[in-house]
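[1] All I have is the shape, not the residue letters:
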Ligand SMILES: CC(C)(COP(=O)(O)OP(=O)(O)OC[C@H]1O[C@@H](n2cnc3c(N)ncnc32)[C@H](O)[C@@H]1O)[C@@H](O)C(=O)NCCC(=O)NCCS
Ligand SMILES: Nc1ncnc2c1ncn2[C@@H]1O[C@H](COP(=O)(O)OP(=O)(O)OP(=O)(O)O)[C@@H](O)[C@H]1O
């Protein structure tokens, strides 16, 4: 059996990655959402609560991780962020493998990975899709979020590979600077093209 074509979806904070991921799902591409996996692992009865509480005392309760509190501890402290990643990332990788096994028949699947370039995730996918919008649109979207400040936004940006570099390294760029309808149309065209490409490759290998 041929393996699915694996797309990696990434983009900097507020570029519209989650919105575009949903559009790929609507276009028939199964999507593994790394962030959603993190939320499950850190949520009520999440498998990682004991390990996170041991490393960062006072950041969890029966309801799950207090993300604001944990964010305050790790986003300003690279060593602490690394300790958190060492707990979270292996568990996410296991869930991703399970997802892949569950969609072995799909021509194309997508991994939605916020930190794809930051963590060399491009080696685990066949093609990379980057979601991108002009910096002012990004800033406006992010600063609307509850609890977000210009300082926090600047700091998170400093932890991420710059948008221009992401675009340069992408196989495909989805522009989210225009209307949602325009983005949706671009996603539908790309999804169809890649499904066809995957089917053609599979036929060649038969
Ligand atoms: C610290 C946590 C609890 C804060 O949660 P919160 O809901 O406040 O923020 P959120 O997860 O939405 O992240 C906000 C922004 O920071 C970025 N970000 C998150 N983790 C990291 C990281 N390890 N390195 C760089 N940027 C990061 C996200 O891509 C996003 O753009 C959470 O981000 C976390 O557990 N991070 C570690 C796990 C991780 O690496 N997740 C992201 C990829 S799966
Ligand atoms: N053309 C567009 N394409 C996608 N999103 C758009 C577009 N125009 C406006 N938006 C809005 O921008 C916001 C993007 O939020 P979204 O949660 O998808 O970003 P994200 O990149 O996943 O964020 P983060 O990385 O911070 O989690 C949404 O509110 C969405 O409705």
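    Cool, got the structure. These figures come from a predicted structure and were not determined experimentally. Numbering: from 1, shown residues only. Ligands and ions are numbered 1, 2, ... in the order given.
[2] all contacts plus neighbour counts: C-alpha atoms, from now on.
    Will do.
[3] Enumerate the residues of the protein near ligand 2.
    For the chain, the residues in contact with ligand 2 (C-alpha under 6 Å from any ligand atom) are 12-20, 141, 176-180, 183.
[4] Buried ones among those residues?
    Buried members of the residues of the chain next to ligand 2, counted by 16 or more other C-alpha atoms under 10 Å: 12-18, 20, 176-177, 183.
[5] Dump the residues you listed to JSON lines, plus pLDDT.
    Below are these laid out as JSON lines (pLDDT from 0 to 100):
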{"residue": "12", "pLDDT": "96"}
{"residue": "13", "pLDDT": "96"}
{"residue": "14", "pLDDT": "96"}
{"residue": "15", "pLDDT": "97"}
{"residue": "16", "pLDDT": "96"}
{"residue": "17", "pLDDT": "96"}
{"residue": "18", "pLDDT": "94"}
{"residue": "20", "pLDDT": "98"}
{"residue": "176", "pLDDT": "97"}
{"residue": "177", "pLDDT": "96"}
{"residue": "183", "pLDDT": "98"}
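[6] middle-most residue in the protein, spatially?
    Residue closest to the average C-alpha location in the chain (C-alpha atoms, centre = their mean): residue 113, at 2.7 Å.
[7] Would you agree that one is in contact with residue 37?
    No. Using C-alpha atoms under 8 Å, residue 113 makes no contact with residue 37, being 10.6 Å away.
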